[in-house]
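Predicted coordinates and the sequence they were generated for:
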Amino acid sequence: MDRKSRNVTLQDIADELKLSRSAISLAMRNHPSISKETREKVQETAMRMGYRPSPLVSALMTQIRNKRQANAESIALISRLKGPITTETSESPFYYMLYQAIIERAQAKGYHIDEFHLSGEKLSGQRLSKILVSRGIHGVILFPGNDTPDLDFPPLDWEQFATVLIGYNTNNTNLHQIASDYTYDIEYALNHVRRDGNRRIGLAITYRVSNSSNHAWLSRYLLFQNFIPKSERVVPYVQEENGDIIPEKFLAWYRKEKPDVILFSADQIPDYMEEAGIRVPEDVQMVNLVLRDPSTGMAGMNPHTREVGRVSVDLLGNLLQTNQIGVSAYPQSITIKGHWVPGKSYIEKTKQTPAP
């Protein structure tokens, strides 16, 4: 049968380039064992010859690779923290919740997690890359948080790894990324309380927290302010000092701005209000933008932190299974939308459409 009258196969490409069929298969899947130059040549030839992979065969091969890799493949979890994340040592419950979700999903998929804590051990990108390659690790998850100000992830030999970044705060912007949809969450909260008739809506955050959300909360809040009457605008409280919210400064802001509702992310703010004799929700209503623990009785947005961790493993697993190693020309950015959780800190006045 003439080649033009049938589908082009991997063997046809191998015959054309005088390479083995296995080499062609690896090159088509961007496997790091094949040089970049050869991979590009193979893929260009395949395109010129009109090669089209069979989706059924691809699915079957993925299942075979999954079985082969089960209980064998390791993933590097790299953080800028000083040590292992536990309930006792983690500064934020966010980190531990995210960490647990990653571990559980990795174990369910047959992966082992190797942790590296950059604030505790100074490793150059070159040194860390060599360690990972020597251990046969080609999958990397970059964990959020930072115990050392301005410490970035070291420049790994990215062409050796499939990499997924959780969150923001890095100069490595060309990586696949998973994060909570902070813009959607604050927009939903603003629209929710606005429909209830509240007019003076405040925002209280630290600069560090704002930075960790890629300033999505602050930027969306300021845009919202631009479209409401000046008499209803509230200057946001953005604390530039490091550490927790400073109660004296926060309370001074509250008494000056007199908001009807405060959107916030710092768990200690409700305590400051109670200590100052300010009643919630009678004197002011409060909405937590990162309500990870509904048992507190607060109203707010659940950012689905655990789902962020699970999806990061799922995406990395897909990249590994399809041998998408190296920096992608078209990195994916996946965001997880939160949903509204009613609570005693906020008075519901109208029937709301629940967030997805």
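Now that the structure is in, tell me what you want to look at.

Scan the helices and strands of this structure for the one with the lowest mean pLDDT.
Counting by mean pLDDT, DSSP states H and E, the weakest-scoring helix or strand in the chain turns out to be helix 55-69, with a mean of 50.

what about the strands in the stretch 251-356 of the chain?
261-264, 285-288, 299-302, 333-336, 339-341 (DSSP state E, counting those that start in this stretch).

among the ones you listed, which is nearest residue 113?
Nearest to residue 113 among those is strand 333-336 (20.2 Å), distances taken as CB to CB. The way it works is simple: take the backbone N, C-alpha and C, and place the C-beta from them, glycine included.

other SSEs contacting that closest one?
Judged by 3 or more CB pairs under 8 Å, 6 or more residues apart in numbering; DSSP states H and E, the packing partners of strand 333-336 are strand 176-180, helix 305-321.

one more time with 6 Å, if that's ok
strand 176-180 (3 or more CB pairs under 6 Å, 6 or more residues apart in numbering; DSSP states H and E).

Roughly how far does residue 253 sit from residue 17?
Here residue 253 is placed at a distance of 68 Å from residue 17 (CB to CB, to the nearest Å).

could I get the strands of the stretch 251-356 of the chain as a markdown table with mean pLDDT and mean neighbour count?
Output for those, formatted as a markdown table (pLDDT from 0 to 100; neighbours: other CB atoms under 10 Å):
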| stretch | mean pLDDT | mean neighbour count |
| --- | --- | --- |
| strand 261-264 | 98 | 26 |
| strand 285-288 | 97 | 24 |
| strand 299-302 | 96 | 24 |
| strand 333-336 | 96 | 16 |
| strand 339-341 | 95 | 18 |
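
Throw those into a markdown table and include distance to residue 326, thanks.
Compiled in a markdown table, these are given as follows (distance: least, CB to CB, whole Å):
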| stretch | distance to residue 326 |
| --- | --- |
| strand 261-264 | 40 |
| strand 285-288 | 40 |
| strand 299-302 | 35 |
| strand 333-336 | 18 |
| strand 339-341 | 36 |
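
When residue 253 and residue 17 are compared, which one has more neighbours?
residue 253 (19 against 16; other CB atoms under 10 Å).

residues near residue 52, how many?
For residue 52, the neighbour count with other CB under 10 Å is 8.

quick one, what contacts it?
The contact partners of residue 52, by CB atoms under 6 Å, 6 or more residues apart in numbering, come to none.

So for residue 288, what's the nearest residue that isn't a sequence neighbour?
Distances taken as CB to CB, 6 or more residues apart in numbering put residue 300 closest to residue 288, at 3.3 Å, once the chain neighbours are dropped.

So the closest residue to residue 272 other than its chain neighbours versus residue 200, what's the distance?
For residue 272, the nearest residue in space outside its immediate sequence neighbours is residue 247; the separation is 4.4 Å by CB to CB, 6+ apart. Computed as CB to CB, the residue 247 to residue 200 distance reads 21 Å.

Tell me what the residue nearest to residue 288 is bridged to.
Counting by DSSP bridges, residue 300 is bridged to residue 288, residue 341.

wait, what's in contact with it?
Shown in contact with residue 300 (CB under 6 Å, 6+ apart): 287-288, 291, 341.

can you rerun that using 7 Å?
Shown in contact with residue 300 (CB atoms under 7 Å, 6 or more residues apart in numbering): 287-289, 291, 341, 343.

would JSON lines of the residues you listed with distance to residue 267 be doable?
JSON lines is the format used below for the contacts of residue 300 (distance: CB to CB, whole Å):
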{"residue": "287", "distance to residue 267": "13"}
{"residue": "288", "distance to residue 267": "8"}
{"residue": "289", "distance to residue 267": "11"}
{"residue": "291", "distance to residue 267": "10"}
{"residue": "341", "distance to residue 267": "15"}
{"residue": "343", "distance to residue 267": "13"}
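
number of nearby residues for the residue lying closest to residue 214 once chain neighbours are set aside?
Taking CB to CB, 6+ apart as the measure, residue 214 lies nearest to residue 168, with 4.3 Å between them; neighbours along the chain are not counted. Other residues near residue 168 number 16, with proximity taken as other CB under 10 Å.

From residue 335, how far out is residue 168?
Here the criterion is CB to CB. By it, residue 168 lies 11 Å from residue 335.

can you list residues touching both of those two?
With CB under 7 Å, 6+ apart, residue 168 and residue 335 have common neighbours residue 179.

remind me which residues of the protein are low pLDDT?
Low-confidence segments of the chain, defined by pLDDT under 70, are located at 1-6, 53-72, 86-92, 120, 351-356.

Just the helices from the protein, written as ranges.
Ranges of helices in the chain, per DSSP state H, are 10-17, 21-28, 36-49, 55-69, 93-108, 125-134, 182-195, 207-212, 216-226, 247-257, 269-275, 305-321.
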